[in-house]
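**Student:** predicted model and sequence follow; I will ask about them next.
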Amino acid sequence: MTDKFAFSQAASRRRFLQGAGALFGAAGIAGPRAAFAQDFPARAINVVIPTAEGGGADRDARAFARV
């Protein structure tokens, strides 16, 4: 019974490492594509805040719009 458990644990570890390798491999292939991204946005974006001017939401939106 202990041999069966040891085999199960080794198989589980192997499957985990295969999955992790596949994940990192896919990330390595997909990662460089981000370098070829287009400039965004190509035109201005209007931000509409449905609160009064000078409030917290307005202040935060104006700070975010500068970024």
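**Tutor:** Received it, and whenever you're ready, just let me know what you need.
**Student:** how many neighbours does R62 have?
**Tutor:** When neighbours are counted by other CB atoms under 10 Å, R62 registers 13. From N, CA and C alone the C-beta is placed, and that goes for glycine too.
**Student:** ranges for the helices of this protein?
**Tutor:** 2-30, 56-65 (DSSP state H).
**Student:** ranking those by burial, who's on top?
**Tutor:** Greatest average neighbour count among these goes to helix 56-65 (a mean of 11), per mean count of other CB atoms under 10 Å.
**Student:** quick one: distance of that one to the chain centre.
**Tutor:** Offset of helix 56-65 from its chain centre (CA atoms, centre = their mean, to the nearest Å): 24 Å.
**Student:** that older thread, quick one: closest of the helices of the chain to I49.
**Tutor:** Counting by CB to CB, I49 lies closest to helix 56-65 out of the helices of the chain; the figure is 4.9 Å.
**Student:** pLDDT weak spots in this structure?
**Tutor:** Within the chain, the ranges that satisfy pLDDT under 70 run 1-7, 30-38, 67.
**Student:** how about a cut-off of 50?
**Tutor:** Low-confidence segments of the chain (pLDDT under 50): none present.
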